[in-house]
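**Student:** Task: produce atomic coordinates for the following.
(one chain, ligands or ions: 2)
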Amino acid sequence: MVKFSRWFSPLSLIVVLAIALWSISVGWEITQALEPIAQLTNEDNPRFEAGRSMYIETCGSCHIPIPPEVLPIETWKKLLEKPNDHYGTSVPNVIRLSQLLIWDYVKTFSRPLSTDEPKPFYVGQSRYFKALHPRVKFTEPITNKNCIVCHPGVKDFDFRSLTPEWENSP
Ligand code: HEC
Ligand code: HEC
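**Tutor:** Ligands and ions are numbered 1, 2, ... in the order given. Below is the predicted model:
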């Protein structure tokens, strides 16, 4: 007969195993439950591919395509609703389909304003732009033309890559 110590009886072994199995299954369920959220906020999700490329095509010909997260949802909504009243010019080729696809993309990757907060129509006025730049003290005026000074991947719509001096600074 195998002898078990007081703390290692077959019963306690079963309890430990049951707890382990339970926590694994709960952990797995939580992961499953969170999966759609993780996918939703992932830029590379195929769900937004059409909207993203339509955005780059429609909104990236006169100036760089501005990444959605730097401006609030309300600003994007207004810009998409009024393509013919666009900073003194008009955005061509905004049909209902492109409007919907672009809207689906930009609204997913931007945040709402608080009520009563004025809509910023320039990146430099947006608190979301500032929040995304905790390390940067901007000395030059911020425009869509100087993002490239620090973001060498602008032409590929890549705002994650930085120039070496920013990449390597604390
Ligand atoms: C026909 C040319 C043209 C197209 C196409 C165009 N824009 Fe613009 N956009 C402008 C001009 C002109 C300005 C004024 C600022 C400037 O000179 O860059 C501007 C400015 C902006 C700004 C403010 C930029 C800043 O520096 O703060 C945003 C945001 C913007 N556009 C979004 C869009 C979106 C969204 C689309 C697609 C629906 C779009 N643009 C397509 C001409 C265009
Ligand atoms: C003076 C350098 C500089 C300029 C100019 C600049 N950025 Fe940045 N940007 C950074 C740095 C550095 C970070 C990383 C966050 C930090 O360290 O503050 C960053 C982060 C970002 C992020 C977040 C990237 C991520 O990891 O998800 C976005 C989006 C972004 N910038 C967009 C822009 C846009 C759009 C412009 C132009 C209107 C711009 N930036 C101009 C330096 C700059």
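**Student:** CA only for contacts and neighbour counts going forward, please
**Tutor:** Noted.
**Student:** secondary structure class for the residue nearest to residue 158 when sequence neighbours are not counted?
**Tutor:** Distances taken as CA to CA, 6 or more residues apart in numbering put residue 151 closest to residue 158, at 7.6 Å, once the chain neighbours are dropped. Assigned with DSSP: H, G, I helix; E, B strand; the rest coil, residue 151 falls in the coil class.
**Student:** List phi and psi for the residue nearest the centre of the chain.
**Tutor:** In the chain, the centroid-proximal residue (CA atoms, centre = their mean) is residue 109; its distance is 4.3 Å. Torsion angles at residue 109 (phi, psi; degrees, to the nearest 10) stand at phi -110, psi 20.
**Student:** Now look at stretch 51-66 and say if it contacts ligand 1.
**Tutor:** Yes: using CA under 6 Å from any ligand atom, stretch 51-66 reaches ligand 1 at 58-59, 61-63.
**Student:** and what of stretch 82-96?
**Tutor:** Yes: judged by CA under 6 Å from any ligand atom, stretch 82-96 comes into contact with ligand 1 at 87, 90-91.
**Student:** give me the low-pLDDT residue ranges for the protein?
**Tutor:** 1-9, 13, 16, 23-43 (pLDDT under 70).
**Student:** Within range of ligand 1, give me the residues from it.
**Tutor:** 58-59, 61-63, 79-80, 87, 90-91, 121-124, 143-144.
**Student:** who wins for neighbours among the residues you listed?
**Tutor:** Tallying neighbours with other CA atoms under 10 Å puts residue 80 at the head of those, with 20 neighbours.
**Student:** Verify the stated contact: it with residue 101.
**Tutor:** No: applying CA atoms under 8 Å, one finds residue 80 not in contact with residue 101, separated by 10.7 Å.
**Student:** show me what contacts residue 105?
**Tutor:** 48, 51-52 (CA atoms under 8 Å, 6 or more residues apart in numbering).
**Student:** redo that, cut-off 6 Å
**Tutor:** Residue 105 is in contact with 48, 51, counting by CA atoms under 6 Å, 6 or more residues apart in numbering.
**Student:** and what of residue 124?
**Tutor:** Neighbours of residue 124 in contact, by CA under 6 Å, 6+ apart: residue 142.
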